[in-house]
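Trainee: build me a model:
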Amino acid sequence: MKRSNLITLAGATTLRNELAHIVRILRPEVTKALGTAAAEGDRSENAEYIYRKKQLREIDRRLRYLQKRCEEFQVIEHKPQDRDSVFFGAEVTLEDESGAEVMYRIVGSDEFDQASHYISVDSPMARALLKKQLDDDVRVELPGGYKDYWITAIVYPDLD
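Mentor: Just a heads-up that it's a prediction; the model follows:
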C-alpha cells in the first residue's frame, strides 16, 4: 500500500530540522571521525573504522529517505471548512462500549507516535474515522476482531 504524502506543519518542520541537522552537523562529524579512524592503519581489524563506516551508511540511508520525503510531502496547514467531520489533522475522542475514552490524532505516516496517540492517516483506525461526524458510531477492524466506538469530540489543534 502506498503511503500518503500528507503531513502537518509541525511534522514537516521536524523532518526538515532533522535533515538540516544531519547535513550540517551529524554527517560531517561522523565523516571526520571516519577519516581519523582510517588514518590509524589496518582497517580490517580497526573497530572504530568499521563502526564509523556502518554509522555513515545508516546516516546516508536516513539522509536519502528524508530528502525524498521532503520533496514529496504535502503540508496541511489549515482546518477543513467542515469542522464537525473527521479529516486529516483531527484530534478525535472515542468512547467504547464499556465507556472508556481514548483520543487519537490523525497525522502523516512519518509522524505517527503511539505514546502520543498520533495515528497515521493510512492506518485502519484513521481510515474508519475519516469523514465521520460527531456522535457517529464507528466500527473498526482490529487484529483481534471488530471494535465499536462512538465519536465524542473532534478538535483541530495547531491548524489555522
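
Trainee: mean confidence score for stretch 136-153?
Mentor: Mean per-residue pLDDT for stretch 136-153: 93.

Trainee: quick check: buried residues in the lengthiest strand in the chain?
Mentor: For the chain, the strand with the greatest residue count under DSSP state E is strand 145-155. Neighbour counts over strand 145-155 (16 or more other C-beta atoms under 10 Å) mark Y149, W150, I151, I154 as buried. Quick note: C-beta positions are derived from backbone N, CA and C, even for glycine.

Trainee: elements contacting that strand?
Mentor: Applying 3 or more C-beta pairs under 8 Å, 6 or more residues apart in numbering; DSSP states H and E, one finds that strand 145-155 contacts strand 91-96, strand 137-142.

Trainee: rebuild these as CSV, extending it with distance to S4.
Mentor: Below are those laid out as CSV (distance: least, C-beta to C-beta, whole Å):
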stretch, distance to S4
strand 91-96, 17
strand 137-142, 18
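
Trainee: out of these, which is the most enclosed?
Mentor: The highest mean neighbour count among the helices and strands packed on strand 145-155, using mean count of other C-beta atoms under 10 Å, belongs to strand 91-96: a mean of 18.

Trainee: if we can go back for a sec, indicate which one of the helices and strands packed on strand 145-155 is closest to L56.
Mentor: The closest of the helices and strands packed on strand 145-155 to L56 is strand 91-96. By C-beta to C-beta, the value is 39.3 Å.

Trainee: past the closest one, which element shows up next along the chain?
Mentor: Scanning forward in sequence from strand 91-96 by DSSP states H and E, the next helix or strand is strand 101-107.

Trainee: which is the next helix or strand following the longest helix seen in the chain?
Mentor: Longest helix in the chain, counting residues (DSSP state H): helix 47-72. Using DSSP H and E, the helix or strand that follows helix 47-72 in sequence is strand 74-76.

Trainee: quick check: mean pLDDT across that following strand?
Mentor: Rounded mean pLDDT across strand 74-76 is 93.

Trainee: show me the shaky parts of the protein.
Mentor: By pLDDT under 70, the low-scoring segments of the chain are 1-2, 159-160.

Trainee: Q81 belongs to a strand, doesn't it?
Mentor: No - counting by DSSP: H, G, I helix; E, B strand; the rest coil, one finds Q81 to be coil, located in no strand.

Trainee: of all the helices and strands packed on strand 145-155, which lies closest to D110?
Mentor: The nearest among the helices and strands packed on strand 145-155, by C-beta to C-beta, is strand 91-96 at 18.1 Å.

Trainee: using PDB, list the CA coordinates for the closest one.
Mentor: The C-alpha trace of strand 91-96 is given here as PDB (Å, rounded to 0.1, in the frame of the first residue of the first chain):
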ATOM      1  CA  GLU A  91      -7.900  15.000  17.300                       C
ATOM      2  CA  VAL A  92     -10.700  12.500  17.800                       C
ATOM      3  CA  THR A  93     -12.000  11.400  21.100                       C
ATOM      4  CA  LEU A  94     -13.700   8.000  21.100                       C
ATOM      5  CA  GLU A  95     -15.700   6.100  23.600                       C
ATOM      6  CA  ASP A  96     -16.000   2.300  23.500                       C
END
